[in-house]
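Q: Here is a sequence together with a model predicted from it:
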Amino acid sequence: MSSQAVLESKKQIVNEISDKLSKSVVAVLTDYRGLNVAEETKLRKDLREAGIEYKVLKNTLTKLAAEKVGLEGLNSHLVGPTAIAFSYEDPVAPARILTKFAKEYKKLVIKSGVLEGKIIDAAAITALAELPSREVLIAQVLAGFQGPISGFVNVLQGNLRNFACVINAIKEKKEQAVQ
């Protein structure tokens, strides 16, 4: 392969990485040193099932891609073996899976991440992992909306009930007056 072809190949990889960084909702950088094949396979399977793309990338190419999308601060985290988990929909899923895996297998180290274009540290990723799932958050929001509405309905029903009692009392009074 000629040096020109290698250069073009690297440019294409840089473009792909920068595209992934800009399109992803969250990207989590990990150091996977020390994981055996079975552990790495389990991690990849868990991430794939959650719709998360997990790639081992060259640091030099990732640095170029990060600079291209304005994430120069990421360069300090690109030391040693680096794999990146990209999520394009759910920002919590990769953080949750990787944090759980890192607790179980101490060899996996979470370095940092990118959340909606902002660089975050490992502590922020752990905090992100502790957030409730999207479905739980939606249920909590809906419950919050439902509370005032049900209270309003109860107030309206109370007024209607009182109005019906008043009408019934007037009816009974008129019936007694007729007798």
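A: Arrived safely, thanks for sending.
Q: Could you check how far the residue positioned nearest the centre of the chain is from residue 131?
A: With distances taken as CA atoms, centre = their mean, residue 91 lies nearest the centre of the chain, 1.8 Å away. Remark: distance between residue 91 and residue 131 (CB to CB, to the nearest Å) = 9 Å. (Glycine included, C-beta is placed from N, CA and C.)
Q: how about residue 107, secondary structure?
A: coil (DSSP: H, G, I helix; E, B strand; the rest coil).
Q: Name the nearest residue to it, ignoring sequence neighbours.
A: Distances taken as CB to CB, 6 or more residues apart in numbering place residue 34 nearest to residue 107, at 3.4 Å, with adjacent residues excluded.
Q: What of residue 56?
A: Closest to residue 56 by CB to CB, 6+ apart is residue 83, at 4.6 Å.
Q: measure the one you found to residue 167 for me?
A: Going from residue 83 to residue 167 by CB to CB gives 73 Å.
Q: Which residues does stretch 129-148 contact?
A: 90, 92, 95, 96, 98, 99, 100 (CB atoms under 8 Å, 6 or more residues apart in numbering).
Q: contacting residues around the host helix or strand of residue 12?
A: Here residue 12 sits within helix 3-23, counting by DSSP states H and E. Residues from elsewhere that reach helix 3-23 (CB under 8 Å, 6+ apart): 1, 27, 53, 55, 57-58, 61-62, 64-66, 68-69, 71, 84, 86, 88, 114, 117.
Q: average pLDDT across it?
A: For helix 3-23, mean pLDDT is 87.
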